[in-house]
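Enquirer: Please work out how this folds:
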Amino acid sequence: MGNPTLFIELARLCERLKETTSRKKKSHFISNFLRKLEKKEIAPSVLLIIGQIFPEAEKNVLKVGFATISRVMKSAKQSSLLEKPLTILSVHNFLNKIATITGPKSRQRKERFLESLLSQAQPKEAKWILKSIFGEMQHGVNVGLMLDAVAEAGRVNIELVRKAYALTGDIGWVAEMALSIGEGGLSKIGIQLFRPLKPMLAEMSYDLGDVLKEHGGVTALEYKFDGARVQIHKKGEKVRVFSRRLSDVTSSLPEIVELTKKEVRAKEVIVDGEVVAVGKNGRPLPFQDLMRRFKRMHLVKELVKEIPLKLHLFDILYLDGRSLIDTPYKERRKKLSGVCDDVFLAKCIVTRSLREAEGFLREALKEGHEGVVAKNLGSPYILGRRKKMWFKIKPTEFLDLAISAADWGYGRRTGWLSDYYLAALNEEMGEYVVVGKTFKGLTDEEFKEMTRKLLKIKVSESEHTVYVKPEVVVEVAFNEIQRSHRYKSSFALRFARITRIRDDKTPEDVDTIEKVKSLYDRQFLYKSKL
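Expert: As a prediction, the model looks like this:
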């Protein structure tokens, strides 16, 4: 057993990653670093590098905000050369201790632990500890790149690594297994009840005709709900519910637990679905209202009455000891209908007709739902991946908005202004107010050109953000408008993306906040409202 790896080595790696633009080189640097670590250092290192600290499905959260960090930074003393240097494991243990602190005066005790940690850190170490805490590494290493690096470090097949991660949701543990037991061990990892799986994802499409063509002329269409994805595990009378992000949300959804016990007819099963908040008229409530229920840990009984939930199941992944993820969708749907009544299933048709498909989409919208999901009848359940086997089709609204500020990008977009603040015109106040942000929609060349444009009209700048005259107009597509306390406008666009740069339009042509409000109100034509 070698000497413990110093945390400064990990901090130096992160600095090197930030200075490197090549994805392949980043992967190479990480894999070389991982190979030098002791087995017990691998998982903490992988998580710290990507700014997670804890596995995705872990309950542990630091609950340390910016205000706490600011107070600690003011009081933390500079590291002395005589002090014992930090190691990767000591930093990880410190953060684990902070996460477990609860109860009276927990904030003060968290601050003392964090102050102790930062007091032992060199400036470069403190920088990357704080970045890991906030999850804003800004060195261009995401989960996908880390999985590539793990495969390279362990000299194992990348698909095996991806599948193991999709089955466990714990990238640190997967890295440890890949480097210690290799392909033989990874290939034996399978589905385990009460260990959440990464859900299959859908590509976005705006054309049902294209989807039918992609699926060979026939497709299954299901309602697309404006709710929260849930994965429900059941064994006998034991039921646990997991969120899209693999968090255990069982205690927040007692009625879903009881419903599963009574209505899902299987001894052992994993089903995939969506919970939707419903109003007094039985129509869906907006996503924001659902989140009040979904994240609530206290006073759940009161909210069960105030915001009732409805369950819609649309897939089955495991049944009585057998994995179904490689079974075609058409057969999985039959098995799902065999374990619960149709009233709990997402409404579905199988069609070859574009007219029928369009009618089904209109029907979904009239019932207050988001749209439809198209599924290839032969598709397996591809864990954690976005493939053209599934498409989500939702109506899209457009607004012409002005860019009022932009954040500097990182990773591949380092050196570009690439996260844009989108503003509508408040005619009454004579000012432009932000209604959302997006980094989606532009090509690399357009990012470069946009950066040049915005720097020419800069009015001020902070460390990460450039504020500009609202002269550049863009056409923005979005799927929904939400109420927001974050922006002065009180509104926020959901899933915003730039579709065109409107060089033909002036700031006077920008859509008004009144139009944004009218579009927001129009959403309740078919939705319910609290």
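Enquirer: now the helices for the stretch 251-400 of the chain?
Expert: Counting by DSSP state H, counting those that start in this stretch, the stretch 251-400 of the chain has helices at residues 254-263, 287-294, 300-306, 329-339, 354-366.
Enquirer: swap that for the stretch 51-200 of the chain, sorry
Expert: Using DSSP H, counting those that start in this stretch, helices in the stretch 51-200 of the chain cover 66-75, 88-100, 106-119, 123-134, 143-154, 158-168, 171-180, 182-186.
Enquirer: before we move on, back to that, which among the helices of the stretch 251-400 of the chain is found nearest to residue 418?
Expert: With Cβ to Cβ as the measure, helix 287-294 is the member of the helices of the stretch 251-400 of the chain nearest residue 418 (26.2 Å). In short, each C-beta sits where N, CA and C put it, glycine included.
Enquirer: Please name every helix or strand in contact with the closest one.
Expert: strand 228-235, strand 268-277, strand 480-483 (3 or more Cβ pairs under 8 Å, 6 or more residues apart in numbering; DSSP states H and E).
Enquirer: helices and strands around the second one, which ones?
Expert: Applying 3+ Cβ pairs under 8 Å, 6+ apart, one finds that strand 268-277 makes contact with strand 228-235, helix 287-294, strand 309-319, helix 329-339.
Enquirer: same question, the last one
Expert: Counting contacts by 3+ Cβ pairs under 8 Å, 6+ apart, the secondary-structure elements packed against strand 480-483 are helix 287-294, strand 491-494, helix 513-522.
Enquirer: redo that, cut-off 6 Å
Expert: Under the contact criterion of 3 or more Cβ pairs under 6 Å, 6 or more residues apart in numbering; DSSP states H and E, strand 480-483 touches strand 491-494.
Enquirer: ok, and what's touching the strand it packs on?
Expert: Here strand 491-494 makes contact (Cβ atoms under 6 Å, 6 or more residues apart in numbering) with 435-436, 478-482, 484, 516.
Enquirer: What of stretch 367-387?
Expert: Residues contacting stretch 367-387 (Cβ under 6 Å, 6+ apart): 166, 197-198, 200-203, 211, 215, 219-226, 283-284, 317, 325-326, 328-330, 361, 364, 389-394, 526-527.
Enquirer: Pipe the helices of the stretch 51-200 of the chain into a markdown table and attach distance to residue 246, mean neighbour count and mean pLDDT per row.
Expert: Putting those into a markdown table (distance: least, Cβ to Cβ, whole Å; neighbours: other Cβ atoms under 10 Å; pLDDT from 0 to 100) gives the following:
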| stretch | distance to residue 246 | mean neighbour count | mean pLDDT |
| --- | --- | --- | --- |
| helix 66-75 | 26 | 13 | 64 |
| helix 88-100 | 17 | 18 | 92 |
| helix 106-119 | 25 | 17 | 85 |
| helix 123-134 | 20 | 18 | 89 |
| helix 143-154 | 13 | 22 | 95 |
| helix 158-168 | 9 | 21 | 93 |
| helix 171-180 | 12 | 23 | 94 |
| helix 182-186 | 19 | 15 | 85 |
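Enquirer: out of those, which comes closest to residue 510?
Expert: helix 66-75 (31.9 Å).
Enquirer: Which of the contacts of strand 491-494 are buried, as a PyMOL select command?
Expert: In PyMOL, a selection of the buried entries from the contacts of strand 491-494 looks like this (16 or more other Cβ atoms under 10 Å):
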select buried, resi 435+436+478+479+480+481+482+484+516
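Enquirer: How is this protein partitioned into domains?
Expert: 7-185, 201-393, 397-525 (automatic domain parsing).
Enquirer: of all these, which lies closest to residue 193?
Expert: Judging the domains of the chain by Cβ to Cβ, what sits closest to residue 193 is domain 201-393, at 5.2 Å.
Enquirer: end to end, how far does the closest one reach?
Expert: 13 Å (Cα to Cα, to the nearest Å).
Enquirer: can you check stretch 486-499 too?
Expert: End-to-end distance (Cα to Cα), stretch 486-499: 24 Å.
Enquirer: which stretches of this structure have low pLDDT?
Expert: Counting by pLDDT under 70, the chain contains low-confidence ranges at 1, 57-61, 63-83, 295-299, 526-527, 529-530.
Enquirer: before we move on, back to that, can you say which of the contacts of stretch 367-387 are buried?
Expert: For these, a neighbour count by 16+ other Cβ under 10 Å gives the buried set as 166, 197-198, 200-202, 211, 215, 219-226, 283-284, 317, 325, 329, 361, 364, 389-394, 527.
Enquirer: ok, the closest residue to residue 253 other than its chain neighbours - contacts?
Expert: The shortest distance from residue 253 to any non-neighbouring residue, by Cβ to Cβ, 6 or more residues apart in numbering, is to residue 241 (5.3 Å). Contact analysis of residue 241 by Cβ under 6 Å, 6+ apart lists 230, 232, 249-250, 253, 256.
Enquirer: redo that, cut-off 8 Å
Expert: Going by Cβ atoms under 8 Å, 6 or more residues apart in numbering, residue 241 touches 230-233, 248-250, 253, 256-257, 260.
Enquirer: picking up where we left off before, quick one: which of the contacts of strand 491-494 is nearest residue 522?
Expert: Within the set of the contacts of strand 491-494, residue 481 lies nearest residue 522; the separation is 9.2 Å, counting by Cβ to Cβ.
Enquirer: so residue 129 makes contact with residue 120?
Expert: No: between residue 129 and residue 120 there is no contact under Cβ atoms under 8 Å: 10.1 Å.
Enquirer: tell me which residues form a beta bridge with the residue nearest to residue 253?
Expert: residue 232 (DSSP bridges).
Enquirer: Quick one: residues contacting the nearest residue in space to residue 180 that is not next to it in sequence.
Expert: Leaving out its chain neighbours, the residue that sits closest to residue 180 by Cβ to Cβ, 6+ apart is residue 39, at 5.4 Å. Residues in contact with residue 39 (Cβ under 8 Å, 6+ apart) are 176, 179-180.
Enquirer: go on, residue 243?
Expert: Counted by Cβ under 8 Å, 6+ apart, residue 243 has contacts 228-231, 249, 294.
Enquirer: ok so, going back, now for the helices and strands packed on strand 268-277, which one comes closest to residue 430?
Expert: Checking those against residue 430 by Cβ to Cβ gives helix 287-294 as the closest, at 29.5 Å.
Enquirer: Now do that closest one and strand 228-235, the angle between them.
Expert: 30 degrees (axes from the mean of the first three to the mean of the last three Cα atoms, to 10 degrees).
Enquirer: Can you tell me what sits against helix 287-294?
Expert: 226-228, 243, 249, 252-253, 275-277, 303, 307, 309, 480, 482-483, 494, 530.
Enquirer: Just the buried ones from those?
Expert: 226-228, 243, 249, 252-253, 275-277, 303, 307, 309, 480, 482.
Enquirer: Return the closest of those with respect to residue 428.
Expert: Nearest to residue 428 among the buried ones among the contacts of helix 287-294 is residue 482, at 21.9 Å by Cβ to Cβ.
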